[in-house]
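Trainee: Have a look at this fold, sequence not included:
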């Protein structure tokens, strides 16, 4: 089992920045792909970004490319999502997830999930 706990969400004005974190415990963190997903009220959960175990390879949703940056610290067992130039449409609950092996955009490919942290962007 792997436990994932998100933190760092909050309220920010449009154009502002926020960094959310996800601390992992349990299984060997460094061997897993880590991903961020988000879900807005009334919408399906959608992919945001993912990073492989080395930290050298990342993928992003088109809607956040150039504004968000995913990174990881395998010593601290933590993955980060730096969010810049935030827009009201970025408002959602942000979830951290983990899976073995390959990067993926698909939520059902991920085995472990955190409970989420709320990010609200005001206009």
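Mentor: Structure's in. What do you need? This one's a predicted model, so the numbers in the text were calculated from it and none came from an experiment. Residues are numbered from 1 along each chain as shown.
Trainee: Which parts of the protein are helices?
Mentor: Secondary structure of the chain (DSSP state H): no helices located.
Trainee: Might you list the low-confidence residue ranges for it?
Mentor: In the predicted model of the chain, residues 27 satisfy pLDDT under 70.
Trainee: which stretches of it form strands?
Mentor: 2-7, 10-13, 18-26, 32-39, 46-51, 58-60, 68-73, 78-83, 92-100, 112-113, 117-122 (DSSP state E).
Trainee: wait, which of these is closest to residue 106?
Mentor: Smallest distance to residue 106 across those (CB to CB): 7.4 Å, for strand 46-51. In short, each C-beta sits where N, CA and C put it, glycine included.
Trainee: Please enumerate residues in contact with the closest one?
Mentor: The contact list for strand 46-51 (CB atoms under 8 Å, 6 or more residues apart in numbering) reads 33-39, 57-61, 64, 68-72, 79, 81, 94, 103-107.
Trainee: sorry, back to before: make CSV from the strands of the chain and add mean neighbour count to it.
Mentor: Shown next, in CSV, are the strands of the chain (neighbours: other CB atoms under 10 Å):
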stretch, mean neighbour count
strand 2-7, 17
strand 10-13, 12
strand 18-26, 18
strand 32-39, 24
strand 46-51, 22
strand 58-60, 17
strand 68-73, 18
strand 78-83, 22
strand 92-100, 22
strand 112-113, 17
strand 117-122, 17
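Trainee: residues contacting the closest residue in space to residue 80 that isn't next to it in sequence?
Mentor: Excluding the flanking residues, the one nearest residue 80 by CB to CB, 6 or more residues apart in numbering is residue 71, at 4.9 Å. Counting by CB under 8 Å, 6+ apart, residue 71 touches 51, 55, 79, 80, 82.
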